[in-house]
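**Q** Mind looking at a prediction? Sequence and model below.
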Amino acid sequence: MSANQTASAVVAVLTILLSLVYIVGLYYLYRYSGRYPRALNKASSVRLQKYAPMVWIFLIFTSIIEVAISAWILGVYRATGAYPSVEAWNGMILSLFSACWTLVFATIYLGLFMHPTLWQHPAVSVGSQAVWALITWCFWVACTAILNGALPLATTGICLGIVHCSQIQALFGKFTLLLDCFRSQG
């Protein structure tokens with residue numbers, strides 16, 4: 001079995017396991033919040049409690065996908081040593097960091113938001129969420145800028161000499177999706 005196949009298998013299994021852990025955790029959090037509902041006094045609060053968790057869950061699962069793609073590309077590049085440039089390598093590391101950052105903090109915010117008593121904590125306020133979204137958005141923009149600078153032809157569909165170009169294009173697609181989500185949230 002080659003290093004490429006091993007890296008693919010490891011990343012696929014870890015992604016599935018991580019997704020299952022998140023699904024089980026979200027299920028228990030949903031059940032817990034259903035047993036202990038919080039009092040809401042405005043129609044906007046009801047809509048916020050109904051739709052905001054969907055945004056956080058979307059961010060969590062797109063981040064899991066982003067972690068999987070970034071980790072796979074980095075694993076293959078490390079095993080084969082065939083990365084296009086040092087800038088591309090650094091961009092991939094930053095994309096992995098950004099995906100992990102988004103995954104961890106979106107999970108924390110979802111847990112705090114759904115919890116019956118912790119939702120009143122100042123860390124869950126709209127202002128702190130806006131600051132987090134701005135910082136996270138800056139990380140994603142930096143990832144996109146570094147990778148686009150290192151691999152300018154990868155975004156135009158021309159893959160001349162770029163190893164695993166379609167996977168890098170998938171990263172750019174996820175970047176665009178996440179950046180659009182943060183732009184509409186802010």
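**A** Arrived safely, thanks for sending.
**Q** Quick check: the closest residue to S70 other than its chain neighbours vs L18, distance?
**A** Here the nearest residue to S70 in space, its sequence neighbours aside, is L96; by C-beta to C-beta, 6 or more residues apart in numbering that works out to 4.0 Å. (Each C-beta comes from the backbone N, C-alpha and C, glycine too.) Counting by C-beta to C-beta, to the nearest Å, the gap between L96 and L18 amounts to 14 Å.
**Q** what sits in contact with each of the two?
**A** V67 (C-beta atoms under 8 Å, 6 or more residues apart in numbering).
**Q** who's more crowded, these two?
**A** When L96 is set against L18 and neighbours are counted by other C-beta atoms under 10 Å, the residue ahead is L96, at 18 against 14.
**Q** list the buried ones in the helix or strand containing that one?
**A** The secondary structure element spanning L96 is helix 86-114 (assigned by DSSP states H and E). Using 16 or more other C-beta atoms under 10 Å as the burial criterion, the residues of helix 86-114 that qualify are 88-89, 91-92, 94-96, 98-99, 101-103, 105-107, 109-114.
**Q** Give me the packing partners of it, helices and strands only.
**A** helix 3-35, helix 43-80, helix 126-150, helix 165-185 (3 or more C-beta pairs under 8 Å, 6 or more residues apart in numbering; DSSP states H and E).
**Q** how does it look with 6 Å?
**A** Using 3 or more C-beta pairs under 6 Å, 6 or more residues apart in numbering; DSSP states H and E as the contact criterion, the elements in contact with helix 86-114 are helix 43-80, helix 126-150.
**Q** Going by mean pLDDT, which of the ones you listed comes out lowest?
**A** Of all these, the minimum mean pLDDT falls on helix 43-80 (a mean of 78).
**Q** So what angle separates the directions of that helix and helix 126-150?
**A** For helix 43-80 against helix 126-150, the angle between stretch directions is 30 degrees (axes from the mean of the first three to the mean of the last three C-alpha atoms, to 10 degrees).
**Q** which secondary structure elements does helix 43-80 contact?
**A** Packed against helix 43-80, as judged by 3+ C-beta pairs under 6 Å, 6+ apart, are the following elements: helix 3-35, helix 86-114, helix 165-185.
**Q** separation between I65 and V131?
**A** When distance is defined by C-beta to C-beta, I65 is 25 Å away from V131.
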